[in-house]
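S.K.: Show me how the following folds:
(one chain, ligands or ions: 1)
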Amino acid sequence: MAAVPKTRRSHRRVRTRRAHWRTPLALAGECPHCHELRLPHRVCPHCGYYNGRQAVEIKSKEK
Ligand SMILES: [Zn+2]
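M.R.: All right, here's what the predicted structure looks like:
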């Protein structure tokens, strides 16, 4: 059997369900090391720091 929706969802129902969605930018906070925007529980993309230490090396675009 194909997975076909039995009834059509109204715009209101869809919008209500997605009311809790946030853009990644709304979630982002400041990196304690370089003070750039960074997602929580992620290694900082700017300086590569996580949990107060250098977690990954950053290949910077300049140079
Ligand atoms: Zn940082």
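
S.K.: Quick one: name the residues of the protein near the ion.
M.R.: Within the chain, the positions lying close to the ion (CB under 5 Å from the ion) are Cys31, His33, Cys34, Cys44, His46, Cys47. Placement of C-beta: from N, CA and C, glycine included.

S.K.: In contact with the fourth one: list those residues for me.
M.R.: For Cys44, the contacting residues are Cys31, His33, Cys34, Glu36, Arg38, Tyr50, by CB atoms under 8 Å, 6 or more residues apart in numbering.

S.K.: Let me see the confidence value for the fifth one.
M.R.: By that I understand Arg38. Per-residue pLDDT puts Arg38 at 91.

S.K.: correct me, but it touches Gly29?
M.R.: Yes - using CB atoms under 8 Å, Arg38 is in contact with Gly29, at 6.6 Å.

S.K.: Which one of those two is surrounded by more residues?
M.R.: Neighbour tally, Arg38 and Gly29, criterion other CB atoms under 10 Å: the higher count belongs to Arg38, 21 against 9.

S.K.: What separation do you get for the residue most central in space within the chain and the ion?
M.R.: In the chain, the centroid-proximal residue (CA atoms, centre = their mean) is Pro24; its distance is 3.8 Å. Distance, Pro24 to the ion, using CB to the ion, to the nearest Å: 16 Å.

S.K.: Now that residue: closest residue in space, sequence neighbours ignored.
M.R.: Leu39 (6.3 Å; CB to CB, 6 or more residues apart in numbering).

S.K.: Contacts only, for that neighbour.
M.R.: Pro24, Leu27, Ala28, Gly29.

S.K.: what are the ranges of the helices in the protein?
M.R.: Per DSSP state H, the chain carries helices over the ranges 11-17, 24-27.

S.K.: Quick one: closest of those to Ser60.
M.R.: Closest to Ser60 of the helices of the chain, according to CB to CB: helix 24-27, at 22.0 Å.

S.K.: On the pLDDT front, check the residue nearest to the centre of the chain for me.
M.R.: Here, the pLDDT recorded for Pro24 equals 78.

S.K.: Could you do Lys63 as well?
M.R.: Note for Lys63: predicted pLDDT of 53.
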